[in-house]
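> Mind looking at a prediction? Sequence and model below.
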There are 2 protein chains.
Amino acid sequence: MAEKNDYEDRLGRLRQALDSGAMNAVQRSLHALSPAEIGRLLESLPPSPREVLWGVIDPEDRGEVLLHLGDEVREGLMRTMDVGQIVAAAEDLDIDDLADFVEDLPETVTQQILQSMDARDRARLEQIMGYEPDTAGGLMNTDTVTVRPDVSLDVVVRYLHLRGELPDSTDCLYVVDRYGHYLGALSLDRILTLDAGRQVRDVMERERDPLTVDMSDREVAKHFENLDLVSAPVVGDKGMLVGRITIDDVVDVIRDEAEQRMMRMAGLDEEEDIYAPVRGAARRRALWLGINLATAFMASWVVGLFEATISQAVALAVLMPIVASMGGIGGSQTLTLMVRGLALGQISGGSAKALLRKELSVAAINGLLWALVVAAITLFWFGNPLLSLVIALAMLFNQLCAALAGVTIPLLLKKLSIDPALAGSVILTTITDVVGFFVFLGLGALILL
Amino acid sequence: MAEKNDYEDRLGRLRQALDSGAMNAVQRSLHALSPAEIGRLLESLPPSPREVLWGVIDPEDRGEVLLHLGDEVREGLMRTMDVGQIVAAAEDLDIDDLADFVEDLPETVTQQILQSMDARDRARLEQIMGYEPDTAGGLMNTDTVTVRPDVSLDVVVRYLHLRGELPDSTDCLYVVDRYGHYLGALSLDRILTLDAGRQVRDVMERERDPLTVDMSDREVAKHFENLDLVSAPVVGDKGMLVGRITIDDVVDVIRDEAEQRMMRMAGLDEEEDIYAPVRGAARRRALWLGINLATAFMASWVVGLFEATISQAVALAVLMPIVASMGGIGGSQTLTLMVRGLALGQISGGSAKALLRKELSVAAINGLLWALVVAAITLFWFGNPLLSLVIALAMLFNQLCAALAGVTIPLLLKKLSIDPALAGSVILTTITDVVGFFVFLGLGALILL
């Protein structure tokens, strides 16, 4: 009962045991965890306890655990293993998992793993390794169970009894002709509930269209979500059945996709290890800071154009961060909505105009509202109605600019095949800073001096 | 074949047909789409074509389609339906889906839907409606297929033949005693591959622990991901089997969770309709802008403290946005990593210190690097080595502050049971702005004047 509610407890106990060096207790606790849980635990540990824990994991479980780690954590741990250990870890993996696993290995280690396999598995692995990892081909497993269309259901049942245990997440068998072309799916449900004398041909589902090997993993995920699938067949050239994809692999794609967007909007790598070595983390983030510095200097340069104005009216310098900051906030709300909408396929060419009109209207309402508030506070603070006018006009104008930029930047980036999540926010804040400063200080120079 | 690759094509044709008013063509295209696809299509349309399309969807399909819409879009469309239409739409839904559906309906409509149901379904629906929607109880369906432990597998097979078609995503039957207590799971796989004479008791899986009705939906999602499940039993008081959760509902939880985090970091509602009516969208976003305005004024107030300094050294006003902006960028990288880490359970109390040390080190390296770059550019621009010194020191200090804030704010918010994704970025940028301006202008006053 209540098994999951004490997941945190078990984790806590394991951490305590790790801290106190009670390695027997650690090993006992590990037996109660799934590979995914052990993976999450490893990711949540700083480098040195992480390596200690890694040391006590059963060598034959290590392959499964490695699969559940982010790239960076996995690479770190694999650097501590010798070739023999890596080959041993690879031994018990499914073919599709093995393909992910060997992808990042040095060529020599991959060769040793291939040599340790029997000829049939080797051929299957080489086949999967031929597909890009982010396609249906890279995601699929080859563990399909197939039947012929011209047999009756009781023959199928006898075959299954002879065959024994089915692969995980098998909700249906696939029907193929004698050349291996995919014909349809036969769910276990139907085998169990329909009359045993009926022919496979007559009861199989033909309407379930197969996926093709070159379909992207995101399309595969959409397909599963649209049709609430547990597994789907994958076909290659001329409709030959080559494998199947199961929902557990699709769940990973779905989780990664949404996470990637959030991490990219902050200029981070989605595989980033939270306890990454300092040097690597600093190097990766330096680029993003550098790009932002360049844009910040652009904004500064605009301010510099108005040095004379500022020295005559210092209040402008005091208030200018407000105009820029409000523009940035408003624009990034629009941008986030657009980035998500593009990723979910909610935005088409035809709808851009309607979206722009809506976002500009929202910006006009909120721009006006907050411009009035800012004008009132400014009047109270500096007692200068002209200064209030300047900041109100600048704010309103910058909010409209922010909405325009928030809608158009992601659309433009998408057209240029650049991920809007990655580059959008830098470009947006550059625009809202530059426009905000320029309009505010420019109006200040015109109206106040 | 290649069915999904022309999903975009079909959508394009449907949009064209909508635009040209060829409603027969629209209706034909709709038949090729699943409810989830129609839902996505509706979400991608501006309000007026959206209502046109809604009008041509088969009344009996409408319930399924409504389930696949975000709250805001759903409510908008339901306002166009009368009570009879709503009751008709509800008719063909599964009990768990129906529970989600009636949740937002007015009491009178709910009563009419309840009256249109038979007594058994009504009792089931009322049971599910008693649970919070974001718990296992709210997520589950009551369509379990149960067997007794003391029968043989061939009895089970005969029962299934009599019973006919199984509910969607049924990968196993549940074994209960005569009082309804959950005992274990019997996978279809085992029924089909094991010897027909064996007793259910001997072949059922006992190790599969059931979920409890009060478990949160996020815990449920973790459980499914950890164990690669297709379905899981749910038990209530004293281990009574009350329902089951299937992977398709869990996939929705997983997608929503990651999306929610991204939307919240921008101060948006995750259910927000991208084509929401302007007034509602403006009202919801106004709050966020207002909070940010308050914090922007705080930063302005700090700048105001140094009016005298700025009027003597205007270059300070020119450069001050750089210090604040770089602090904000660096801090939000740390913050994003923390928000994700907390959500994925990667961060425990014991690891906070290690994380802080790492993030401070990263900030020190990047702070130093970019401080030197900024100092060099400043020297070249203004020819004042003291000014270069001031901005370099301020930048380094602000990067360290940003890292400190990025690590501690989410931990504090979590302790206060506030979602770090929601409030984190406002607090962070307030700190990096205030500290950045104060240190930069303060050092300027000390060193330059």
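On my side now, so go ahead.

> And the helices in the stretch 101-250 of chain A, which stretches?
A:107-115, A:119-129, A:136-139, A:153-163, A:188-193, A:200-203, A:217-227, A:247-265 (DSSP state H, counting those that start in this stretch).

> Go through those and pick out the most buried.
helix A:136-139 (a mean of 26; mean count of other C-beta atoms under 10 Å in any protein chain shown). All C-beta spots, glycine's among them, are computed from the backbone N, C-alpha and C.

> Check which helices and strands that helix sits against.
Here helix A:136-139 touches helix A:95-103, helix A:217-227, strand A:241-246, helix A:247-265, going by 3 or more C-beta pairs under 8 Å, 6 or more residues apart in numbering or on different chains; DSSP states H and E.

> of the helices of the stretch 101-250 of chain A, which approaches residue B:24 most closely?
helix A:217-227 (24.1 Å; C-beta to C-beta).

> got the angle between that closest one and strand A:241-246?
Angle, helix A:217-227 to strand A:241-246, by axes from the mean of the first three to the mean of the last three C-alpha atoms, to 10 degrees: 70 degrees.

> follow-up on the earlier one: let's have the helices of the stretch 101-250 of chain A in CSV, adding distance to residue B:40 and mean pLDDT.
What follows is the helices of the stretch 101-250 of chain A, written out as CSV (distance: least, C-beta to C-beta, whole Å; pLDDT from 0 to 100):
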stretch, distance to residue B:40, mean pLDDT
helix A:107-115, 40, 83
helix A:119-129, 31, 83
helix A:136-139, 20, 90
helix A:153-163, 37, 93
helix A:188-193, 28, 92
helix A:200-203, 32, 94
helix A:217-227, 8, 89
helix A:247-265, 15, 85
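
> which stretch among the helices and strands packed on helix A:136-139 comes nearest residue A:193?
Per C-beta to C-beta, nearest to residue A:193 of those: helix A:217-227, 20.9 Å.

> how about the residue nearest to residue A:254 when sequence neighbours are not counted, what does it touch?
Spatial nearest neighbour of residue A:254, excluding adjacent residues (C-beta to C-beta, 6 or more residues apart in numbering or on different chains): residue A:221 at 5.2 Å. Listed by C-beta atoms under 8 Å, 6 or more residues apart in numbering or on different chains, the contact set of residue A:221 reads A:250, A:253, A:254, A:257.

> my guess is the first one contacts residue A:224, does it?
In other words, residue A:250. Yes - at 4.7 Å, residue A:250 counts as touching residue A:224 under the criterion of C-beta atoms under 8 Å.

> what touches both of these two?
In contact with both residue A:250 and residue A:224: residue B:251, using C-beta under 8 Å, 6+ apart.

> Tell me which stretches of chain A form strands.
Assigned by DSSP state E, chain A shows strands spanning A:146-147, A:172-176, A:182-187, A:211-212, A:231-235, A:241-246.

> what number of residues lie near the closest residue to residue A:433 other than its chain neighbours?
With sequence-adjacent residues excluded and distances taken as C-beta to C-beta, 6+ apart, residue A:433 is closest to residue A:299, at 3.9 Å. Residue A:299: 25 surrounding residues under other C-beta atoms under 10 Å in any protein chain shown.

> nearest residue to whichever residue of the stretch 251-400 of chain A sits closest to chain B other than its sequence neighbours?
Closest residue of the stretch 251-400 of chain A to chain B, C-beta to the nearest C-beta: residue A:258 (3.3 Å). Once flanking residues are discounted, residue A:258 sits nearest to residue B:258: 3.3 Å by C-beta to C-beta, 6+ apart.

> from memory that neighbour sits against residue A:256, does it?
No - assessed by C-beta under 8 Å, residue B:258 is found out of contact with residue A:256, at 9.1 Å.

> ok, back up a step: can you lay out the helices of the stretch 101-250 of chain A as CSV showing distance to residue B:345?
Formatted as CSV, the helices of the stretch 101-250 of chain A follow (distance: least, C-beta to C-beta, whole Å):
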stretch, distance to residue B:345
helix A:107-115, 32
helix A:119-129, 31
helix A:136-139, 25
helix A:153-163, 39
helix A:188-193, 34
helix A:200-203, 45
helix A:217-227, 23
helix A:247-265, 13
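
> care to break chain A down by domain?
What automatic domain parsing lists as the domains of chain A is A:22-131, A:146-264, A:278-448.

> Please identify the most buried of those domains.
Here the criterion is mean neighbour count by mean count of other C-beta under 10 Å, and of the domains of chain A the winner is domain A:278-448, at a mean of 21.

> Thanks a lot, see you next time.
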